[in-house]
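Chemist: model the following, please.
(one chain, ligands or ions: 2)
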Amino acid sequence: MAAVYQAVCRRASALICRFHSTYVRKMRYLNDLKEDDSLCRQAQTSGTFYLFHNLSPFLQEVGKQYLVPQVSAAEMKRILEKFKEAEQWIEKSVLIGCSDEHVPHFALDLGALEKSVIESELKGSFTNLRKALFVVDEKDSPLLASAQSLLRWHDSHQYCSKTGQPTQKNVAGSKRVCHASGIIYYPQMSPVVITLVSDGSRCLLARQPSFPQGMYSALSGFCDIGENVEQTVRREVAEEVGLEVESFQYSASQHWPFPSSCLMIACHALVREQQTEISMNSLELEEARWFDLEEVVEGLKREPGSSKQDDGSLLPWFPPKQAIAHQLIWEWVKQQTSQLA
Ligand SMILES: NC(=O)C1=CN([C@@H]2O[C@H](COP(=O)(O)OP(=O)(O)OC[C@H]3O[C@@H](n4cnc5c(N)ncnc54)[C@H](OP(=O)(O)O)[C@@H]3O)[C@@H](O)[C@H]2O)C=CC1
Ligand SMILES: [Mg+2]
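Modeler: Ligands and ions are numbered 1, 2, ... in the order given. Have a look, this model is predicted:
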């Protein structure tokens with residue numbers, strides 16, 4: 001028995017090692033591409049391309065599925081030759097990852113080219129990211145989100161904010177340089193804390209006026225400069241619903257591309273059972289209230305379309321699973337259910 005156990009352990013650790021070495025080699029290769037312009041330029045000739053048009057990703061609808069096609073370098077060349085200055089277009093691409101076999105992946109925004117020509121050549125359509133993220137396969141959503149954020153960052157950092165001179169991207173697109181001042185700009189993300197507040201048996205969910213009808217989510221807010229995560233959690237909860245956080249626990253994080261590149265830091269927070277009266281900040285929120293376990297479980301089952309009742313009123317529903325808010329709400333349900341068991 002012990003021998004079998006040892007053999008299983010050896011096999012497991014061999015697998016883990018193999019996984020790590022593939023991962024490490026991949027990360028090292030990507031880093032080389034970021035650091036070495038000529039290596040990256042060469043990689044563009046054998047890589048694959050995810051296409052965007054004015055920041056909308058290109059999708060293909062196959063049956064009921066939406067696919068995110070990777071266009072080969074040869075196919076890219078063929079399409080771009082239909083337009084002027086084909087070579088210059090490839091230069092605009094940014095590195096977004098690579099396969100385990102080191103096939104590099106790039107994202108390219110063809111916003112200045114005729115959309116319909118590309119759509120009919122590649123048999124698909126450029127789709128708004130807000131829709132795309134929720135219809136593609138789960139593994140593709142983070143890739144689309146980060147690719148769009150990087151393309152957006154390049155688009156809005158064409159000039160040096162100190163000298164006003166144009167900035168130049170390195171080939172991989174991991175930075176931009178102002179040659180007049182020597183300033184290097186790196187892609188930025190804004191840290192945002194998202195907090196699911198609980199009083200021990202209920203959780204607090206709120207609506208911002210911009211949310212779709214009937215949707216409630218956890219409280220969120222940008223970190224102020226100089227703040228740590230704990231301070232942001234405490235401040236945002238105080239500002240938005242007038243409650244004091246007693247303790248909090250980090251859950252997970254997620255890159256979120258709206259409005260532009262946020263690092264969502266998700267936390268659970270507890271307030272005292274005796275101090276649960278909400279004083280909502282109506283400049284930021286439209287509604288904030290406590291939900292019990294049963295109402296949350298029901299809400300998780302609801303789709304946006306099934307939220308409307310015959311009398312026109314709306315039953316609450318929560319963000320879809322691609323949003324980290326969904327994960328927080330699920331975790332809370334699991335924790336409550338395990339307490340009841
Ligand atoms: N993935 C998920 O599950 C969820 C993601 N989110 C994301 O979190 C983000 C922040 O949440 P929200 O509650 O709106 O934040 P806040 O409560 O901090 O309020 C937003 C306001 O803060 C100001 N602000 C401060 N810093 C910034 C900055 N770096 N970028 C933009 N605005 C800033 C703006 O005010 P002004 O315009 O007056 O200057 C903005 O309107 C949202 O953009 C949303 O997309 C939110 C909930 C769930
Ligand atoms: Mg907020």
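Chemist: now Ala206: phi and psi?
Modeler: Phi and psi for Ala206, reported as degrees, to the nearest 10, are phi -140, psi 160.
Chemist: which residues touch the nearest residue to it once chain neighbours are set aside?
Modeler: Among residues not flanking Ala206 along the chain, Ala288 sits closest, at 3.8 Å (Cβ to Cβ, 6 or more residues apart in numbering). The way it works is simple: take the backbone N, C-alpha and C, and place the C-beta from them, glycine included. Residues counted as contacts of Ala288 (Cβ atoms under 8 Å, 6 or more residues apart in numbering) are 204-207, 219, 240-241, 278, 280.
Chemist: and of these, the nearest to Ser149?
Modeler: Using Cβ to Cβ, Leu219 comes nearest to Ser149 of these, at 23.1 Å.
Chemist: how deep is the closest one tucked in, by neighbour count?
Modeler: By other Cβ atoms under 10 Å, the residues close to Leu219 number 25.
Chemist: that one contacts Cys203, doesn't it?
Modeler: No: if you go by Cβ atoms under 8 Å, Leu219 and Cys203 don't touch, sitting 10.6 Å apart.
Chemist: quick one, phi/psi of the residue nearest to His268 when sequence neighbours are not counted?
Modeler: Ranked by Cβ to Cβ, 6+ apart and with sequence neighbours excluded, the top spatial neighbour of His268 is Gln249, at 4.9 Å. Backbone torsions for Gln249, taken as degrees, to the nearest 10, come to phi -140, psi 130.
Chemist: just checking, Gln249 touches Ile265?
Modeler: No: applying Cβ under 8 Å, one finds Gln249 not in contact with Ile265, separated by 11.8 Å.
Chemist: more neighbours: those two, which one.
Modeler: Higher neighbour count among Gln249 and Ile265: Ile265, with 21 against 9, using other Cβ under 10 Å.
Chemist: what pLDDT does the closest residue to Thr45 other than its chain neighbours get?
Modeler: Sequence neighbours aside, Ala73 is the residue nearest to Thr45 in space, at 5.4 Å (criterion: Cβ to Cβ, 6+ apart). Ala73 is assigned a pLDDT of 94 by the prediction.
Chemist: count the neighbours of Ala73 for me.
Modeler: 18.
Chemist: identify the residues contacting it.
Modeler: 44-49.
Chemist: the same query, at a cut-off of 6 Å, please.
Modeler: Ala73 is in contact with 45-47, counting by Cβ atoms under 6 Å, 6 or more residues apart in numbering.
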